[in-house]
Every structure is written in C-alpha cells, then in structure tokens.
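K.L.:
Need coordinates for the below:
(one chain, ligands or ions: 2)
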Amino acid sequence: MLPTRDLIHIFKATTRRNEAISQRKRGQESALEVRVTNDVLKVHGGAPLHGEITVRGAKNLVSKAMVAALLGDTPSRLAEVPRIRDVEVVRGLLELHGVKVIEEGNGLVFDPANVGTAEIDEINVHAGSSRIPILFCGPLLHRLGHAFIPDLGGCHIGDRPIDFHLAALRQFGAIVDKTPQGLHLTAPNGLHGTKFELPYPSVGATEQVLLTAVRAEGVTELRNAAVEPEIIDLICILQKMGAIIKVHTDRVIEIEGVTKLRGYNHRPIPDRLEAASWACAALATQGDITVKGARQVDMMTFLNVFTSVGGAFEVNDSPTDGGIRFWHPGSELRAVALETDVHPGFMTDWQQPLVVALTQARGLSIVHETVYERRFGYTDALNTMGATIQVYRDCLGGTPCRFGRRNFKHSAVIAGPSKLHAADLVIPDLRGGFSHLIAALAAEGTSHVFGVNLINRGYEDFDAKLAALGAHAERA
Ligand SMILES: CC(=O)N[C@H]1[C@@H](OP(=O)(O)OP(=O)(O)OC[C@H]2O[C@@H](n3ccc(=O)[nH]c3=O)[C@H](O)[C@@H]2O)O[C@H](CO)[C@@H](O)[C@@H]1O
Ligand SMILES: C=C(OP(=O)(O)O)C(=O)O
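P.N.:
Ligands and ions are numbered 1, 2, ... in the order given. Have a look, this model is predicted:
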C-alpha cells in the first residue's frame, strides 16, 4: 500500500487527466449523469448526523433489471431508478445496442424494438467502469447470436474472476473467445438448458444463469445458487416477463426455457446496502437518521447486529411512507464478533461502514470477511485517524473460509472505543469510501476526502443527503 501522501499526488494527476477526458465526452452525457466537477470533499467532523433521507431502487437490482429488458419483445418500465454511475453505464450500453431509453417520472422505460450490434470501440468506452456488462452475455446471444463484453470494473476487493460465468455459458452452448479487447461470444447452435452447480453461491453467476436460461431451449437446473433479495427480485421481474422459474429449498433453482418474453413493469427492491450505510453513520456519529424506503425484511441480519452493537431502530411499515429510523441511544456501544457471508448471512457490503461504528464500541470486535479476499484495505486509513484495527491472515471466525492459510488478510480485530481525528483520505472503493466518509464525519477536525465521486457509483445524491442530515461538508 502506498503512503497517503503518494496516493493524493497520484489522485490529483488522475483527476486532471479525467477532467480532460470528461470535457471531451461532455456532449454524450445523459440527463441522469450527475454533473460534479470537483472530486474532493472537505468534511468538518465531530457533529452527529440528524434527519431523514430516502433510498430508492437497489444498485444491485436496478442495473440487472435494465439488462433483463433486452430479453423482452415489448417495452419495460422500471420505477425508482437511482441517479448513480452504474445505472449510467448500463444505460449507455443498452443505448449502444439500440435500446431506446426514456425517462418517465422517477424511473426509466426501455424499448428493445430495435436491438442491434454495437461498435466495439464504442462499447469499450465503458471498459473498466462496472461489473454489469458480463450479464449482457445471455440476453445478447438470444437477441443477436453474438455478444462483445468489455473489461469489467467494480470494486478492487479481490481478484473477482468470472470463471463460473464462463463455465456456465459454455455449458449452455456458447463459444467464448477471450481477446485483448474483451470477450467475444457466439452460440452457433443456440443456447440449451443445462445442469450446473456453482462452486460458490456467486451472485453474478446466478444472475448470469437466470438471464441465459429463461430463453434457452429446455430446462436448466442451477445448484448452489445465490439467493440474495436482489436475485429474488430479479426472478420476480423475469416471471412478470413470462419466464418460468422455481426456487427450491437448498439453493436449487429450476428454469424452464420459453421462446418469447414480454416487457415488465416493476418497482425495485430498495437499496438495503445504502440503508445500512446510513444506519452505521448514525451510530458512528452518535446521530439519529430515518432512512425512508428501507425495508425490515431485507435487513433482518443487519438489524440483529445493529442491536447487538447497541444501536436502536424503529420500523415504520407504511406502504407509502415507510422506512427505518436508526439512532445511537446514548449508552456505550458493545463489541461484536461476526462473519460476512452470502445471504441470509451478514452481507459483505455492510462490513466497511459497520467497522467504523465498531471503532466506537467498547472491547474487541472481530470481523471475518469470507466473501472477498482483500476487503480490509480501507482500515489503514482508519488507523491513521486513531482507530486500532489489526488485520490477520487467519480465519478468525467459526467457519474456515476459502481464504484461510492463503496469505489474504481477511480477518480484522477492532479495539475500541477510539477517538478519531481528522485526516486526508483517498477513497479506495465504494463501501470503503463511504466508511472513510463516515469516519471523517465522526472525527474531530477537518478531513479532506479525495476521489469522493467514486461514491456516486452506488449512493444517489450523497452530497444532498449529507446536507439534509446537517453534515458540515463542502466540495473543496
Ligand atoms: C453489482 C453487484 O451485484 N455486486 C454485488 C455482487 O458482486 P458479484 O456478483 O461480483 O459477487 P459474487 O457473488 O459473484 O462474488 C462472490 C465471490 O465469488 C467469487 N467468484 C465469483 C464469480 C466467479 O465466476 N468466480 C468466483 O470465484 C468472487 O471472487 C467472490 O469471492 O455480489 C457481491 C456479494 O454479495 C456484492 O458484494 C456486490 O455488491
Ligand atoms: C462490491 C460492490 O459492488 P460491485 O460489485 O459493483 O463492485 C458493492 O456494491 O459494494
């Protein structure tokens, strides 16, 4: 890991280059793009966050729902689409493939009447910006008989291979050609239902199988599937489109292929990752935040841990105006031991914001990260702010995981409570970045958070939400 001083220097050089690129691209900006030119946030910390914010459609569902629209032969309507970077990337890719995207109310309409082949150079404008392009494989193979997939982006929190995706696609009958430009896929004999068992319940690979199997000929049986709430919501969308999908017990999903699918009309599951991030911000800053739109059922595992740490919450079940209020009740926070896991376990994307709150809990907390091998890089910055977090290669949890004895520092021990002080921080990834932001808000003094726009990949209007919660933060 480079020292923060060097990272800030690299950040400033990269920002200058990116500004030049974005000036050139400005003519292509969509109305959904958030036009922020300044990438540094000056945060005056030490004050509790108080107030109400709203979460809308989940990043990890909305982008996949947009890809699913390619499978229908009539337009699809998706409500509550958040203005985040991943949505822009997928919208751009859909438009390059001939899908007409229209803004309607708080959502988007996708008309796939004229789907066609896109230019590789144009597709590659989106190289490295998101993980979603890999999910275009099945839908494009069904629609066009071929697909080109650019290099993937997403957070650098592990190697993130796509071997399960490619193995499944090959079993469906796809031919995959890896080239320096990206992946080229064809299906000369069509796509056929298959039996596939995932070595690990990968979210993306499960979605890959779903989006491919729904229009493959015959039946597909997927074993060891991921069953995150966002996946169940994607299954609901596909069912609305005419797909036949049975979710059995024990992570088995059976899909009966159909020849035709129609468009859907859907209101997405709310973003439970964003909701949990704001809950942790309430705890870390001794604040009180109501997250409108958050749903208890999607967050049960998080709420158990939140309670164990000493946080308080109250659910408002109103179908029109519901949400969850999260607050610090004033008493001392308690240390906890937990492992991240696939659903229904404690979600890995909840981990980083929670660790900031755990720096304020009395005693030793233990977090064993079992989903990604390199998801504790952000803790170095927290330590420079006064936290005491030690990371270990061992599996410090009940279950040995895939990363044990393999040189990955994937367990953390957090000693608290620690008084956090201001620092200059460089955002490493989406959730790590949000946790830096929370730490800066909880710390005494003025921090500079560099590369803060990266947070917009998954958090809608976070500047405005910070202002609504009374944070003292401004673009530097
Ligand atoms: C856009 C999106 O929805 N992102 C989410 C999705 O990421 P994503 O779908 O990329 O995550 P996966 O569930 O696929 O990855 C889980 C684990 O499986 C491994 N793996 C995955 C695929 C593969 O072909 N080979 C392989 O080894 C990964 O390296 C990782 O260790 O689920 C993750 C786990 O809940 C979340 O943290 C991400 O926010
Ligand atoms: C890891 C994440 O996202 P992605 O898969 O898009 O990188 C995340 O949302 O925390």
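K.L.:
show me what contacts the closest residue to ligand 2 within the chain?
P.N.:
Proximity of the chain to ligand 2 (CB to the nearest ligand atom) peaks at residue 154, 3.0 Å away. To be clear about C-beta, it is placed using only N, CA and C from the backbone, and glycine gets the same treatment. Neighbouring residues of residue 154 by CB atoms under 8 Å, 6 or more residues apart in numbering: 130-131, 160.
K.L.:
Quick one: which of those is the most crowded by neighbours?
P.N.:
Highest neighbour count within the contacts of residue 154, by other CB atoms under 10 Å: residue 130, with 23 neighbours.
K.L.:
and the contacts of residue 154 near ligand 2, which?
P.N.:
Among those, the ones lying near ligand 2 by CB under 6 Å from any ligand atom are residue 131.
K.L.:
Show only the entries of the contacts of residue 154 found in strands.
P.N.:
Per DSSP state E, strands hold no members of the contacts of residue 154.
K.L.:
can you put the contacts of residue 154 in a markdown table and add distance to ligand 1 and pLDDT?
P.N.:
Listed next are the contacts of residue 154 as a markdown table, based on distance: CB to the nearest ligand atom, whole Å; pLDDT from 0 to 100:
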| residue | distance to ligand 1 | pLDDT |
| --- | --- | --- |
| 130 | 7 | 95 |
| 131 | 5 | 96 |
| 160 | 5 | 97 |
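K.L.:
Return the set of buried residues in stretch 189-202.
P.N.:
Neighbour counts over stretch 189-202 (16 or more other CB atoms under 10 Å) mark 191-194, 196, 198, 201-202 as buried.
K.L.:
Would you mind extracting the C-alpha trace of stretch 220-239 into PDB?
P.N.:
C-alpha atoms of stretch 220-239 as PDB (Å, rounded to 0.1, in the frame of the first residue of the first chain):
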ATOM      1  CA  THR A 220     -31.900 -25.600 -16.500                       C
ATOM      2  CA  GLU A 221     -31.200 -26.700 -13.000                       C
ATOM      3  CA  LEU A 222     -28.800 -24.500 -11.000                       C
ATOM      4  CA  ARG A 223     -27.400 -25.800  -7.800                       C
ATOM      5  CA  ASN A 224     -25.700 -23.900  -5.000                       C
ATOM      6  CA  ALA A 225     -27.300 -20.700  -6.300                       C
ATOM      7  CA  ALA A 226     -27.100 -17.400  -4.500                       C
ATOM      8  CA  VAL A 227     -30.500 -16.300  -3.100                       C
ATOM      9  CA  GLU A 228     -29.900 -12.600  -2.200                       C
ATOM     10  CA  PRO A 229     -33.100 -10.500  -2.000                       C
ATOM     11  CA  GLU A 230     -31.900  -8.700  -5.200                       C
ATOM     12  CA  ILE A 231     -31.800 -12.100  -7.000                       C
ATOM     13  CA  ILE A 232     -35.300 -12.900  -5.800                       C
ATOM     14  CA  ASP A 233     -36.400  -9.500  -7.100                       C
ATOM     15  CA  LEU A 234     -34.800 -10.300 -10.500                       C
ATOM     16  CA  ILE A 235     -36.600 -13.600 -10.600                       C
ATOM     17  CA  CYS A 236     -39.900 -11.600  -9.900                       C
ATOM     18  CA  ILE A 237     -39.100  -9.400 -12.900                       C
ATOM     19  CA  LEU A 238     -38.300 -12.400 -15.200                       C
ATOM     20  CA  GLN A 239     -41.600 -14.000 -14.000                       C
END
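K.L.:
How far does that stretch sit from its chain's centre?
P.N.:
Mean C-alpha position of stretch 220-239 versus that of the full chain (CA atoms, centre = their mean, to the nearest Å) differs by 17 Å.
K.L.:
And stretch 456-473, by the same measure?
P.N.:
The answer for stretch 456-473 is 17 Å, by CA atoms, centre = their mean.
K.L.:
hang on, the earlier thing: which pLDDT value goes with the residue of the chain closest to ligand 2?
P.N.:
The model reports residue 154 with a pLDDT of 92.
K.L.:
Surely it is within a strand?
P.N.:
No: read with DSSP: H, G, I helix; E, B strand; the rest coil, residue 154 is coil and lies in no strand.
K.L.:
now it: how far from residue 469?
P.N.:
28 Å (CB to CB, to the nearest Å).
K.L.:
just residue 184 next, same as before
P.N.:
Distance check for residue 184 against residue 469: by CB to CB, it reads 47 Å.
K.L.:
and the next element down the chain from the host helix or strand of residue 210?
P.N.:
Assessed by DSSP states H and E, residue 210 sits inside helix 203-213. Toward the C-terminus, helix 203-213 is succeeded by strand 219-223 as the next helix or strand (DSSP H and E).
K.L.:
List the buried residues in the following helix or strand past that next one.
P.N.:
Downstream of strand 219-223, the next assigned helix or strand under DSSP H and E is helix 229-240. By 16+ other CB under 10 Å, the buried positions in helix 229-240 come out as 229-231, 233-238, 240.
K.L.:
Pull up the pairing partners for the helix or strand hosting residue 446, direction included.
P.N.:
Using DSSP H and E, residue 446 maps to strand 445-450. Applying DSSP bridges to the sheet, strand 445-450 is found paired with strand 40-45 (antiparallel), strand 424-426 (parallel).
K.L.:
Could you export stretch 157-171 as CSV, keeping only the C-alpha atoms?
P.N.:
Provided in CSV are the C-alpha atoms of stretch 157-171 (Å, rounded to 0.1, in the frame of the first residue of the first chain):
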residue,chain,number,x,y,z
ILE,A,157,-11.6,-6.0,-3.2
GLY,A,158,-10.3,-9.3,-4.5
ASP,A,159,-9.4,-10.9,-7.9
ARG,A,160,-13.1,-11.3,-8.8
PRO,A,161,-12.7,-13.9,-11.6
ILE,A,162,-15.5,-14.7,-14.0
ASP,A,163,-14.7,-18.4,-14.3
PHE,A,164,-18.2,-19.6,-13.1
HIS,A,165,-19.9,-17.3,-15.6
LEU,A,166,-17.9,-18.6,-18.5
ALA,A,167,-18.2,-22.2,-17.5
ALA,A,168,-22.0,-21.9,-17.3
LEU,A,169,-22.2,-20.1,-20.6
ARG,A,170,-20.1,-22.8,-22.3
GLN,A,171,-22.5,-25.4,-20.8
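K.L.:
Now residue 241: phi and psi?
P.N.:
When quoted as degrees, to the nearest 10, the phi and psi of residue 241 stand at phi -80, psi -10.
K.L.:
who's in contact with the residue in the chain sticking out farthest from the centre?
P.N.:
Computed with CA atoms, centre = their mean, the residue of the chain farthest from its C-alpha average is residue 189, at 34.6 Å. Residue 189 makes contacts with residue 173, as judged by CB under 8 Å, 6+ apart.
K.L.:
Would you mind giving the secondary structure of it?
P.N.:
Applying three-state DSSP: residue 189 is coil.
K.L.:
For residue 141, see how far away it is.
P.N.:
The value you get for residue 189 to residue 141, if CB to CB is used, is 11 Å.
K.L.:
Equivalent analysis for residue 343, please.
P.N.:
For residue 343 relative to residue 141 (CB to CB), the value is 28 Å.
K.L.:
Who has more neighbours out of the two?
P.N.:
Using other CB under 10 Å, the more surrounded residue of residue 343 and residue 141 is residue 141, with 25 against 17.
K.L.:
Centre of the chain to stretch 306-313, how far?
P.N.:
The answer for stretch 306-313 is 24 Å, by CA atoms, centre = their mean.
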